[in-house]
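Enquirer: okay, predicted coordinates and the sequence, questions at the end:
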Amino acid sequence: MTDKLYIKTFGCQMNEYDSDRVADLLQESHGMVLTDNPEEANVLLLNTCSIREKAQEKVFSQLGRWQELKRERADLIIGVGGCVASQEGDQILKRAPYVDLVFGPQTCHRLPQLLERARAARKPQIDVSFPGIEKFDNLPIPGSRGARAFVSVMEGCSKYCTFCVVPYTRGEEFSRTFDDVITEVFELAQSGVREVTLLGQNVNAYTGRRHNGDLVNFAELLDYVAAVDGIERIRYITSHPIDFSEALIDAYARLPALVSHLHLPVQSGSDRILKLMKRQYSVADYESIVYRLRERRPDLSLSSDFIIGFPGETEQDFEATVSLIDRIGFDQSFSFIYSPRPGTPAADLTDGITHAEKQRRLAIVQQRLAASAQRASRAMVGTEQRILVDGYARRNPNQLSGRTENNRVVNFDGPADLLQNFVDVQITEALPNSLRARLGANRASDFAMISEGSARVLTYT
């Protein structure tokens, strides 16, 4: 009987990438097939995130629900991977003793062996070490899951921001070799992938070695990825301002495949708070990067991350953040109340801000960010946008769905043969979380002729 695997993923795109690769790995090693029903799975895996306390608590809540399944089936294997596993280690077993596997982000490639040992020894197996590049040398060639794909180019972080657990859960920065990255991109393009997102905790810190020993920086890597036949659109996440080189800024002038959208976390608009965070740049440094980027790419859409209520944040510091938001005009950004993470330097800082005050500040920031994003959406109405059609609309399966360069979801009527292809659409309406559109004039007339003789006719709204 074929074993079935269920994976629930929390957190960032890096975790999504790891989950896909784990599924490929266990299919190759044990013939496992993915299921979306945990009750029929033989192996249940959680791929976890520990950036915020709430995300960490979600892990144990989920494990509590899975405990009932374990009581019904003693042979069920439950595993916890990702950053919570790396941070907590065997402490997970003290809180959830029915867990069988605990593995870190850098040891997910060892899952087949850990699984075999857990079944044979009938006791939990833990491996949260940091073997580095070994992970990528032992994962199978990624399979295509559509026209869009993630490619991890580097992992870890060496910046040690005072609020962040990533250096402790994913280790120091290390880059995959240039040849391995380009080979993966080429193979994905051969399988039909049209858009790649290059991933890393500080992706623009990438420095990969070629087979001849030469080093390739991130800006050069983008040139090579753009030259791969079939790759028409390139994204990357997450970048750090301190590693934003002039060569990377210039890439926006010479690479049409590089989208006019950038996620560049700033965290605060106050120099004093940035120093306490150990971010290693000033607000002026950040704004200079944005100014030079928009010189090269005037239509660049910029999103960011904001931590509100960092220990010691005064009203003046907060107002500086609000002012930066107003000056830059951020789009679709993320903002959170500061969450102290055990083991980080910021967790020991005196925090005299009440939770109610933090909530007040967060509400103001989120209102400003939402208004800015909505203005950007409304400005797109009436424009023609090129989207990659990657599926069906979430609320209306009779409509197609795709994404613009600035990462907005667009829903529209059209034939199924547009799936996994680029198409030009006219934006007709801006909704809070998506856009509506109709096909461009040429394609729309083709669609009308196709639909006329079809038993299933889709109409525009």
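Expert: Nice, thanks for sending it over.

Enquirer: where does the nearest residue to residue 428 once chain neighbours are set aside sit: helix, strand or coil?
Expert: Spatial nearest neighbour of residue 428, excluding adjacent residues (Cβ to Cβ, 6 or more residues apart in numbering): residue 436 at 5.2 Å. Every residue, glycine included, has its C-beta placed from N, CA and C. The assignment at residue 436 comes out as strand when based on DSSP: H, G, I helix; E, B strand; the rest coil.

Enquirer: so what pLDDT did residue 436 get?
Expert: pLDDT for residue 436: 97.

Enquirer: would you check that it makes contact with residue 411?
Expert: Yes: taking Cβ atoms under 8 Å as the definition, residue 436 is a contact partner of residue 411 at 5.8 Å.

Enquirer: tell me how far the strand or helix carrying residue 93 lies from the chain's centre.
Expert: Assigned by DSSP states H and E, residue 93 belongs to helix 91-95. Centre-to-centre, helix 91-95 and its host chain are 28 Å apart (Cα atoms, centre = their mean, to the nearest Å).

Enquirer: what about the helix or strand just after that helix, distance to the chain center?
Expert: Using DSSP H and E, the helix or strand that directly follows helix 91-95 along the chain is strand 101-103. Chain-centre distance of strand 101-103: 22 Å, with Cα atoms, centre = their mean.

Enquirer: in its sheet, what does strand 101-103 sit against?
Expert: Note on strand 101-103: by DSSP bridges, its sheet partners are strand 77-82 (parallel), strand 125-127 (parallel).

Enquirer: now do it, average pLDDT.
Expert: Averaging pLDDT along strand 101-103 yields 95.

Enquirer: same question for stretch 374-394.
Expert: Average pLDDT, stretch 374-394: 96.

Enquirer: which of the strands paired with strand 101-103 sits most buried?
Expert: For those, the largest average neighbour count (mean count of other Cβ atoms under 10 Å) is found in strand 77-82, namely a mean of 25.

Enquirer: in the helix or strand harbouring residue 116, which residues are buried?
Expert: Here residue 116 is covered by helix 111-121, with elements defined by DSSP H and E. Using 16 or more other Cβ atoms under 10 Å as the test for burial, helix 111-121 gives 111, 112, 114, 115, 117, 118.

Enquirer: what angle do strand 77-82 and that helix make with each other?
Expert: 140 degrees (axes from the mean of the first three to the mean of the last three Cα atoms, to 10 degrees).

Enquirer: which elements pack onto helix 111-121?
Expert: helix 13-30, strand 77-82, strand 101-103, strand 125-127 (3 or more Cβ pairs under 8 Å, 6 or more residues apart in numbering; DSSP states H and E).

Enquirer: apply 7 Å and report the result again.
Expert: Packed against helix 111-121 by the contact rule (3 or more Cβ pairs under 7 Å, 6 or more residues apart in numbering; DSSP states H and E) you find helix 13-30, strand 101-103, strand 125-127.

Enquirer: so what touches that helix?
Expert: The contact list for helix 111-121 (Cβ atoms under 7 Å, 6 or more residues apart in numbering) reads 22, 25, 26, 29, 30, 77, 100, 101, 103, 124, 125, 127.

Enquirer: out of the residues you listed, who's nearest residue 376?
Expert: Using Cβ to Cβ, residue 22 comes nearest to residue 376 of the contacts of helix 111-121, at 36.0 Å.

Enquirer: now the phi/psi pair for the residue nearest to the closest one when sequence neighbours are not counted, please.
Expert: Distances taken as Cβ to Cβ, 6+ apart place residue 108 nearest to residue 22, at 5.3 Å, with adjacent residues excluded. Dihedral pair for residue 108: phi -60, psi -20, per degrees, to the nearest 10.

Enquirer: just give me the neighbour total for residue 108.
Expert: Around residue 108 there are 24 other residues, counting by other Cβ atoms under 10 Å.

Enquirer: mind listing what it touches?
Expert: By Cβ under 7 Å, 6+ apart, residue 108 lies in contact with 18, 22, 81, 135.

Enquirer: gap between whichever strand or helix holds residue 361 and the chain center?
Expert: For residue 361, the element it lies in under DSSP H and E is helix 355-380. Relative to its chain's centre, helix 355-380 lies at 21 Å (Cα atoms, centre = their mean).

Enquirer: that helix packs against which elements?
Expert: Where contact means 3+ Cβ pairs under 7 Å, 6+ apart, helix 355-380 is packed against strand 305-308, helix 315-328, strand 334-337, strand 422-430.

Enquirer: toward the C-terminus, what is the element adjacent to that helix?
Expert: Using DSSP H and E, the helix or strand that follows helix 355-380 towards the C-terminus is strand 384-392.

Enquirer: pLDDT score for the nearest residue to residue 10 once chain neighbours are set aside?
Expert: With sequence-adjacent residues excluded and distances taken as Cβ to Cβ, 6+ apart, residue 10 is closest to residue 49, at 4.5 Å. With respect to pLDDT, residue 49 scores 84.

Enquirer: which residue is the nearest non-sequential neighbour of residue 126?
Expert: residue 102 is the one closest to residue 126 (Cβ to Cβ, 6+ apart), at 4.4 Å.

Enquirer: and for residue 95?
Expert: residue 60 (6.3 Å).

Enquirer: residues touching the closest residue to residue 232 other than its chain neighbours, list them.
Expert: Counting by Cβ to Cβ, 6+ apart, residue 194 is the residue found nearest to residue 232 once chain neighbours are left out, at 5.1 Å. Shown in contact with residue 194 (Cβ under 7 Å, 6+ apart): 147, 230, 231, 232, 233, 388, 422.

Enquirer: and for residue 97?
Expert: Taking Cβ under 7 Å, 6+ apart as the definition, residue 97 has no contacts.

Enquirer: going forward can the numbers begin at 57, since that is how I track them
Expert: In the new numbering, first residue 57, that becomes residue 153.

Enquirer: how near is it to residue 123?
Expert: 10 Å (Cβ to Cβ, to the nearest Å).
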